[in-house]
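*Asks:* Structure of the sequence below:
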Amino acid sequence: MFYVYVLQNLVDNNLYTGFTEDLQKRITEHNAKKVMSTAKRVPLKLIYCECSLDKKDALHREKYLKTTYGKRYLKNRLKNYLEHS
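*Replies:* Sure, this is the predicted structure:
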């Protein structure tokens, strides 16, 4: 399985989108400051993920979710959660 995930910074509520084959390990790496792009943004909380059977599909989805339209999709998809966090 391949995962596209969204993490939320619990300090400023900013979102980070990523891709991995091992979701639990990757979240642990993020919170242990082993990922340069989020090292200064911990603690992080998993708030959304999607699974794909094909790696290319998951990478394509990650790329989309990082676009303006993808960010809009996520904010709409997570609207209730983001309003209450």
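
*Asks:* switch to C-alpha atoms for all contacts and neighbour counts from now on
*Replies:* Fine.

*Asks:* For the closest residue to Met1 other than its chain neighbours, the count of nearby residues, please.
*Replies:* Nearest residue to Met1 in three dimensions, chain neighbours excluded: Leu53, at 5.1 Å (Cα to Cα, 6 or more residues apart in numbering). Applying the criterion other Cα atoms under 10 Å, we find 10 residues in the vicinity of Leu53.

*Asks:* Leu53 reaches Leu59, doesn't it?
*Replies:* No - distance between Leu53 and Leu59: 11.2 Å, which falls outside the contact criterion (Cα atoms under 8 Å).

*Asks:* Strands along the chain, start to end?
*Replies:* 2-9, 15-20, 44-52 (DSSP state E).

*Asks:* Let me know which of those is tucked in deepest.
*Replies:* By mean neighbour count, with neighbours taken as mean count of other Cα atoms under 10 Å, strand 2-9 ranks first of the strands of the chain at a mean of 21.

*Asks:* Just checking: what are the partner strands of it?
*Replies:* Neighbouring strands of strand 2-9 in its sheet, by DSSP bridges, are strand 15-20 (antiparallel), strand 44-52 (antiparallel).

*Asks:* Let's have those in CSV, adding distance to Val4 and mean pLDDT.
*Replies:* Converted to CSV, the strands paired with strand 2-9 look like this (distance: least, Cα to Cα, whole Å; pLDDT from 0 to 100):
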stretch, distance to Val4, mean pLDDT
strand 15-20, 4, 97
strand 44-52, 5, 97
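
*Asks:* So which of these is nearest Ile27?
*Replies:* Distances from Ile27 to each of the strands paired with strand 2-9 were compared using Cα to Cα; the minimum, 7.5 Å, belongs to strand 44-52.

*Asks:* Buried residues in stretch 52-60, which are they?
*Replies:* 55, 58-59 (16 or more other Cα atoms under 10 Å).
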